[in-house]
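Novice: Got a predicted structure plus its sequence, pasted below:
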Amino acid sequence: DSKEKSKFEGTWRLFKLAVPLDQDPGKDSLHVSDALLQQIATVLKFPVASLLPPEAFTIVRKSFDARKKLKEPKFVHTVDMDVQKLISLEPRCWDFISRLEPKVGLVERLHDERDFGDLASIIHDSKENKVALKGENGHSIFSTEFYKNQATRKPNIAVVGSGPSGLFAALVLAELGADVTLIERGQPVEKRGRDIGALVVRRILELESNFCFGEGGAGTWSDGKLVTRIGRNSGSVLAVMRTLVHFGAPKQILIDGKPHLGTDRLVPLLRNFRQHLQNLGVTIKFGTRVDDLVIKDRHVLGVMVSESADKLHLTSQKMEYDGVILAVGHSARDIYEVLLSHNVELIPKDFAVGLRIEHPQELINSIQYAELASEVCHGRGKIPVADYKVANYIDKEDFNDVSDSGVTNRSCYSFCMCPGGQVVLTSTSPSEICINGMSFSRRASKWANAALVVTVTTKDFEALNYYGPLAGVKFQREFEKRAAMMGGGNFTVPVQTVTDFLENKLSVTSVPPSSYRLGVKAANLHQLFPIHVTEALKHSLVTFDKELPGFICNDALLHGVETRTSSPIQIPRNGDTYECTSVKGLYPVGEGAGYAGGIISAAVDGMHAGFAVAKKFSLFHGDV
Ligand code: FAD
């Protein structure tokens with residue numbers, strides 16, 4: 001009866017549906033295969049899998065699992081089942097559905113989730129003044145419609161920085177009717193690509209257009225990993241992912257267990273994003289740097305800007321705004337100084353520093369996949385190019401061979417692992433070396449790199465006599481400068497084999513090749529960091545080798561230095577309004593403000609800030 005039926009209708013999520021590798025239709029397929037239907041039939045206890053209509057099921061997650069203890073490698077799926085559709089297409093399923101038992105982590109009924117949908121398709125119904133967000137299939141998947149206010153004056157909002165956080169804040173505000181100006185010190189992706197080419201080939205570092213600065217922010221010439229620790233299935237993360245698909249990302253990112261884009265896909269996506277913003281009337285000012293904030297009575301009234309090429313700020317010009325969203329990332333150290341000069345509160349934050357390790361990708365494939373490694377086929381096969389993630393907690397007791405000061409519990413972990421990628425220079429000054437990793441979508445290079453970083457705290461900064469809100473920035477700079485000195489200049493990166501590092505020696509003659517294009521020089525990296533960081537790295541390398549046998553080898557090369565893992569400060573803001581607690585009208589967002597770490601979390605933060613600012617200026621009422 002209908003009461004009984006209502007207990008089951010809606011969407012049910014089925015987890016851990018495993019399909020052996022040889023029965024999978026291909027790693028990029030979104031298709032519900034016969035082998036997957038068989039697994040679904042087993043969960044439903046439905047006798048004839050071929051009678052199940054594939055249209056009633058949607059794959060929401062697909063991950064490759066090749067753990068060594070498994071008998072055979074497999075793709076593990078999470079699938080959503082639309083009960084109404086299933087019953088209408090195959091009424092004989094009802095008996096089986098009505099006996100379905102929820103089991104945590106295996107079978108769960110989904111209750112109405114708040115879901116933003118695709119942010120680039122916000123629909124305004126002018127008659128009813130209703131606003132809705134449109135989903136992929138054209139139907140509204142937004143659970144609480146809200147109402148646009150037309151009577152209000154259009155607020156004039158500056159978004160400073162076109163990284164993920166700035167772009168998503170600008171998108172939401174422009175969609176909801178604000179008058180938005182996006183100010184970016186770097187260049188659009190076309191010109192930025194040429195500047196990065198000049199850096200990699202001719203060693204010319206454009207101070208305002210490089211791996212950190214320019215359209216798309218720090219994440220453009222990156223690996224484009226879209227993994228996040230903020231809840232993969234949350235409505236906000238899905239909204240960001242769907243919006244990326246709207247601008248040209250492949251649909252697979254919505255289901256892939258470890259989605260990534262690669263630089264070659266990010267660049268055209270950003271061009272589409274820009275076009276969409278311009279169509280909405282957003283003014284985009286590239287090559288324009290914010291040099292100062294205009295503040296009166298603890299209220300931001302606007303910004304001072306100059307052309308980025310103008311180092312002396314001679315062309316400085318005042319621009320007035322009702323609100324300023326500060327989305328400048330954590331490499332804009334000059335902006336931290338500006339904030340301090342206006343007595344904006346900045347709180348030093350713990351972060352992590354370390355080295356980037358590089359191995360031949362084939363070695364990582366064989367450590368992770370054993371004999372299956374030969375099927376990886378440079379990213380063309382069914383099996384994804386292998387990655388890894390390692391972490392180690394080091395207890396105080398493990399440091400008993402070093403002097404007492406600075407001894408504290410620390411974590412050491414791999415960070416931003418780039419399979420099939422390359423090591424790149426992310427310095428924003430010629431006297432400093434700092435590196436990171438990037439890749440293209442196929443991850444076809446012969447190298448695997450990852451940062452190995454150790455947590456550092458205020459205690460570490462103070463041990464080097466760095467105090468105050470910018471102590472962490474000074475600490476980063478210290479090691480970036482030391483790395484530049486050890487490399488001998490010209491962006492040459494100091495390197496050491498892992499085996500030499502563990503033995504604290506230098507075999508200059510035997511440096512293995514590196515993917516880093518600007519040259520490497522053998523150096524004793526023991527002389528780089530405080531002893532406790534070095535000891536933590538050594539201790540952890542030995543632990544990692546137990547988990548990934550072969551990780552310590554003569555081909556593994558450590559590169560110095562990785563310092564910009566996350567922001568060294570946080571700018572306090574109100575949790576609901578996103579407004580800075582020190583000055584009104586300023587909205588610090590994204591990684592540079594200490595509220596995100598990575599492309600997706602930065603985009604989500606920018607999106608929420610966009611809604612918060614739109615609400616403040618009464619662009620809509622209702623709940624989001
Ligand atoms: P940003 O992306 O840093 O953007 C800030 C923008 O503000 C920049 O474009 C900058 O030019 C602009 N700006 C700064 N100051 C001013 C000013 N005064 N005036 C005007 N404009 C200004 N994360 C992942 O999740 N996955 C990855 O695979 C990944 N790989 C990475 C690889 C590399 C090489 C790098 C450098 C980073 C990588 N990251 C990755 C980290 C990721 O890029 C950042 O977490 C993310 O971009 C932060 O977004 P954001 O918007 O907060 O700041």
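Specialist: Looks like it came in fine.

Novice: Mind listing what's buried along stretch 325-344?
Specialist: Residues of stretch 325-344 classed as buried: 325-333, 335-336, 338-339, 344 (neighbour count, 16 or more other CB atoms under 10 Å). In short, each C-beta sits where N, CA and C put it, glycine included.

Novice: cool, and stretch 537-555?
Specialist: Buried positions in stretch 537-555, judged by neighbour count with 16+ other CB under 10 Å: 537-541, 543-545, 548, 551-553.

Novice: quick one: contacts of it?
Specialist: Stretch 537-555 is contacted by residues 354-355, 359-360, 363-364, 366-368, 388, 390, 392, 394, 398, 412, 414, 452, 454, 497-499, 501-502, 510, 512, 529 when judged by CB atoms under 8 Å, 6 or more residues apart in numbering.

Novice: And for stretch 211-218?
Specialist: 161-167, 184-189, 192, 195-196, 199, 208, 220-221, 266-267, 270, 274, 286, 329, 331-332, 424-426, 428, 436, 438, 591, 602.

Novice: re the thing from before, kindly supply the PyMOL command isolating those of the contacts of stretch 537-555 that are buried.
Specialist: Provided next is the PyMOL selection string for whichever of those are buried by 16+ other CB under 10 Å:
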select buried, resi 354+355+359+360+363+364+366+367+368+388+390+392+394+398+412+414+452+454+497+498+499+501+502+529
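
Novice: okay, the helix or strand harbouring residue 560 in CSV with CA atoms only?
Specialist: Counting by DSSP states H and E, the element that carries residue 560 is strand 557-562. Taking C-alpha atoms only, strand 557-562 is exported to CSV below (Å, rounded to 0.1, in the frame of the first residue of the first chain):
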residue,chain,number,x,y,z
LEU,A,557,65.8,12.2,-5.3
LEU,A,558,64.9,14.8,-2.7
HIS,A,559,64.4,18.4,-3.9
GLY,A,560,64.6,21.5,-1.7
VAL,A,561,62.4,23.2,-0.7
GLU,A,562,58.7,22.9,-0.1
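
Novice: Name the strands paired with that strand and say parallel or antiparallel.
Specialist: strand 351-360 (antiparallel), strand 493-497 (antiparallel) (DSSP bridges).

Novice: Indicate which one of those is closest to the ligand.
Specialist: For the strands paired with strand 557-562, proximity to the ligand was assessed by CB to the nearest ligand atom; strand 351-360 is nearest, at 10.5 Å.

Novice: could you dump that closest one to CSV, C-alpha only?
Specialist: Output of strand 351-360 as CSV, limited to C-alpha atoms (Å, rounded to 0.1, in the frame of the first residue of the first chain):
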residue,chain,number,x,y,z
PHE,A,351,51.9,24.6,8.7
ALA,A,352,54.4,22.1,7.3
VAL,A,353,57.7,22.4,5.5
GLY,A,354,59.9,19.8,3.8
LEU,A,355,61.3,18.4,0.6
ARG,A,356,59.8,17.1,-2.6
ILE,A,357,60.7,13.5,-3.4
GLU,A,358,60.8,12.2,-6.9
HIS,A,359,60.9,8.5,-8.1
PRO,A,360,60.6,6.9,-11.5
